[in-house]
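Asks: kindly return the folded structure for what I paste below:
(2 chains)
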Amino acid sequence: MTAERLVGRRLAPAHADRGVRAVGLRMIWLHVVSRRVPVALAALAACGIGLRIALIGHWDAYGALQLPLICEAASAAIVTATTASPLGEPERVAGRWLPWLRLGAAVTLTAAATSALAAGAVGGHLAGGTLDVLRNTAGLVGIGLLCAAVLGGGLAWVGPTAYLIAGVYGLYAQWHPPAVTTPWLWPARPAHDLGAAVCAGLVFACGLALITARGARDAVGE
Amino acid sequence: MTATSTPVPARSLPARRRRGLAAARLMRLELSHNAMLWMLPVAVAVFWFVSYRKIMAEPSVWDLRASDFQSGIAADFIVPVVGAAVWMGSRETRRHMTDLMTITARPRWTRLLGAWAATTIWALVAYLICLGVVYGVTAHEAAWGGPLWWPAAVAAACLPAYCALGFVTGALLPSRFTAPVVAIASFFVLALSTELITGSQSYWQISPVVTGPWDAGPDLAVGVFYRYVPDLSIAQLMFLGGLAVAVLAAVALPGSARRVRYTAAAVAAAGLLAAGTGVRLVGTGTLDAHGMITIAALHDAASDRPIRFTPVCSRTVIPVCLNPAYASSLPAVAAALNPVLREIAGLPGAPVRIVQVAATYQQGTGNDVSIGLTGGMPRGEPPEFQLVLPDEISGVPLTTRELAGQVRAASGPKLIANLVGDGPGASQAQQAVAAALSMAARLPVTSAEISAAAVPAGREVHSRRSACSSLTSASCSPAVLGVLAVSHSEYVAAQRFAALPIAAQCDWLAHHLPALRAGQITLAQLP
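Replies: Okay, the predicted model is just below:
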């Protein structure tokens, strides 16, 4: 029985819209709480604050390039950690709006992660700028969402964290050959590089589509 | 047979056996249900992508590859190993089994140590795969020396410490966010802690990614001309071992019996003491002349003795002799120097051999390291010219063509300058003869009056009088050692001298070189 039907039976027509909205908000709130989204938002804010504090310090070329990427990977891993469901199969069966809730949560948290990092960079010199943050965070979240669909929400962090090391190496290889120039390693490409942006966007779109349609895999074993 | 003489059936033996079997069964279960098993391909893949290709692109010199292996394992494994360890440490809480496990016969700390040990074993399996491939390929390719085990030991010691840190954090702070946050925070601390290294006495050199003087690049002389100095490795092992023990002991502190708690506290204190001592020792490190960090309290003077070797020599008019580790570079180096050697062979004061030597290191301010030429001037009787190869100084692998070009640009002019006594305060005649010999050897020479446009693009003009006496990566490198610049009158005299028949040149030089070196010959006296 869906929320609309339930409300429609119990409430008078004049109050139906308000009731539907209230139930809808409650459903969203329950979904958000079950995925620890408030904690994730706090952690994302902490990432932004951490970036701001770190930018106060003096970094050499390596550090200045690696620092934002580390913060972006941390934010992406936090976003993807929220895909794990504590309810499992019953929720999948009963939740008609679940795909939209998953989509909304992922998009909202990605936007929050990007905003937190961009806000953290205000007043400091962020290598690559906000465009770089947007591209890298979206791509890393995409990797995390794909991992969530394959490995489960609990282990979704494996993708972004492993990609972080590859990305750091890509930045390092700008000075030390052999250079890595593939756009699939987008953190190593300039912020305005179209190929890198397309690759990151594609990964994000795939991750989003998969997590919306199927959700995170329910892990049975380790 | 009395009761007292009857052998007592060893009832404790089956019990011990059962205990041993139970422990083995527990370990088998932990090994087969461990997240690190599934992270193993990730760790190996990351190592392959990030470090293996880089290591294999370097010359097959043991020190170079072993040092990069240590740094690679320390940096590439930290995220998957710490993440998996956090995941395993939080397993009981994640699966809502804390209460169920509390009532089992085994104490909590033994259960947790079993899970930690299984995680560490899988991490070590991944490490051994990487070690076997890197060292196996290097053993196949290297022409000189043998495997260096100290860097491999430090890399191995990282893994129990990473597992301990992750495992204890996961056990104490179980959350879905703990694994990614702790894994990335560990990487942040490890990767960016090197930003804080200043000089050879920095405490931050305790980081396992550090294998020598930071920012100085790899030292190709280690294990080739001098033994590997393990002082820094020993301090790092003390730190990593102490840290692992101290962190693991913390697992036994909550909820254990009083005796276990006291023991755990003592073990934790001992671990912290070892880790602190390691850090303190690293703070007393100094950069030695061979480019390694020495720690007085750990140093073995026997490590300072040079390694004996029989050089491989070319069949040029003046033999060029290199360390066997550089045997593959000999044809290129000999071919690059041969035009110069042909010009100076047989002249009074010319070297009888070109011998490769190790570069010398000196700590500058901050992380600046002056990498100097021990050689250059002919030494000994009969005189030998001491040669330092460019990749010894830069630490960057060079192609055969690059190596030949840099050897020719750096050592060719120096051979001629040493012969005629050119340098600061040299006479016009000395410069003119040096220029003439350089022209004959097809080394670039230019007149100072000729416009800069005449100089080949990308090359700088250095006066001989300001030639680099020491080379650092930042200020002066073989790649920019330049064209000999002389005045117009010197240039004209050099062209006149070079136009003489070779026999006449040799004859004049054979008779006048001592006087030329002493500055007693004027430009007008040149033929």
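
Asks: contact partners for B:G89?
Replies: By Cβ atoms under 8 Å, 6 or more residues apart in numbering or on different chains, the contact list for B:G89 reads B:112, B:115-116, B:166-172, B:174. C-beta: built from backbone N, CA, C; applies to glycine.

Asks: nearest residue to it in space, please, no chain neighbours.
Replies: Once flanking residues are discounted, B:G89 sits nearest to B:G170: 2.6 Å by Cβ to Cβ, 6 or more residues apart in numbering or on different chains.

Asks: CA atoms of the stretch of helix or strand the one you found belongs to as PDB?
Replies: Counting by DSSP states H and E, the element that carries B:G170 is helix B:149-172. Taking Å, rounded to 0.1, in the frame of the first residue of the first chain, the C-alpha atoms of helix B:149-172 are listed here in PDB:
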ATOM      1  CA  TRP B 149      67.000  -6.800   1.700                       C
ATOM      2  CA  TRP B 150      66.800  -3.800   4.000                       C
ATOM      3  CA  PRO B 151      64.400  -1.800   1.900                       C
ATOM      4  CA  ALA B 152      62.400  -5.000   1.400                       C
ATOM      5  CA  ALA B 153      62.300  -5.500   5.200                       C
ATOM      6  CA  VAL B 154      61.000  -2.000   5.800                       C
ATOM      7  CA  ALA B 155      58.300  -2.500   3.100                       C
ATOM      8  CA  ALA B 156      57.300  -5.700   4.800                       C
ATOM      9  CA  ALA B 157      57.200  -4.100   8.300                       C
ATOM     10  CA  CYS B 158      54.800  -1.400   7.000                       C
ATOM     11  CA  LEU B 159      52.000  -4.000   6.500                       C
ATOM     12  CA  PRO B 160      51.600  -5.200  10.100                       C
ATOM     13  CA  ALA B 161      51.700  -1.600  11.200                       C
ATOM     14  CA  TYR B 162      49.100  -0.600   8.700                       C
ATOM     15  CA  CYS B 163      46.900  -3.500   9.600                       C
ATOM     16  CA  ALA B 164      47.300  -2.800  13.300                       C
ATOM     17  CA  LEU B 165      46.300   0.900  12.900                       C
ATOM     18  CA  GLY B 166      43.400   0.100  10.700                       C
ATOM     19  CA  PHE B 167      42.200  -2.800  12.800                       C
ATOM     20  CA  VAL B 168      42.200  -1.100  16.100                       C
ATOM     21  CA  THR B 169      40.500   2.000  14.600                       C
ATOM     22  CA  GLY B 170      37.800  -0.200  13.100                       C
ATOM     23  CA  ALA B 171      37.300  -2.000  16.400                       C
ATOM     24  CA  LEU B 172      37.100   1.200  18.500                       C
END
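
Asks: is the helix or strand just after it positioned near chain A?
Replies: Remark: after helix B:149-172, the chain's next helix or strand is helix B:178-192, criterion DSSP H and E. Yes - using Cβ under 8 Å from any Cβ of the partner chain, helix B:178-192 reaches chain A at B:179-181, B:183-185, B:187-188, B:191-192.

Asks: which of those are buried?
Replies: B:179-181, B:183-184, B:187-188, B:191-192 (16 or more other Cβ atoms under 10 Å in any protein chain shown).

Asks: export those residues to CSV and append columns for pLDDT and distance to B:P413.
Replies: Below are these laid out as CSV (pLDDT from 0 to 100; distance: Cβ to Cβ, whole Å):
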residue, pLDDT, distance to B:P413
B:A179, 92, 59
B:P180, 93, 57
B:V181, 93, 57
B:A183, 94, 53
B:I184, 94, 52
B:F187, 93, 47
B:F188, 91, 48
B:A191, 84, 42
B:L192, 80, 43
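
Asks: how about these in a markdown table, adding distance to A:T114?
Replies: Conversion of these to a markdown table gives the following (distance: Cβ to Cβ, whole Å):
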| residue | distance to A:T114 |
| --- | --- |
| B:A179 | 23 |
| B:P180 | 17 |
| B:V181 | 18 |
| B:A183 | 21 |
| B:I184 | 17 |
| B:F187 | 21 |
| B:F188 | 20 |
| B:A191 | 23 |
| B:L192 | 22 |
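
Asks: from the residues you listed, which is closest to B:P339?
Replies: B:A191 (47.1 Å; Cβ to Cβ).

Asks: got the confidence number for residue 69?
Replies: Let's take chain A. pLDDT, A:L69: 93.

Asks: the intended chain is chain B.
Replies: Model confidence at B:F69 (pLDDT) stands at 95.

Asks: relative to chain A, how far out is the closest residue to it other than its chain neighbours?
Replies: Excluding the flanking residues, the one nearest B:F69 by Cβ to Cβ, 6+ apart is B:V134, at 5.2 Å. To chain A, B:V134 is 16 Å away according to Cβ to the nearest Cβ, to the nearest Å.
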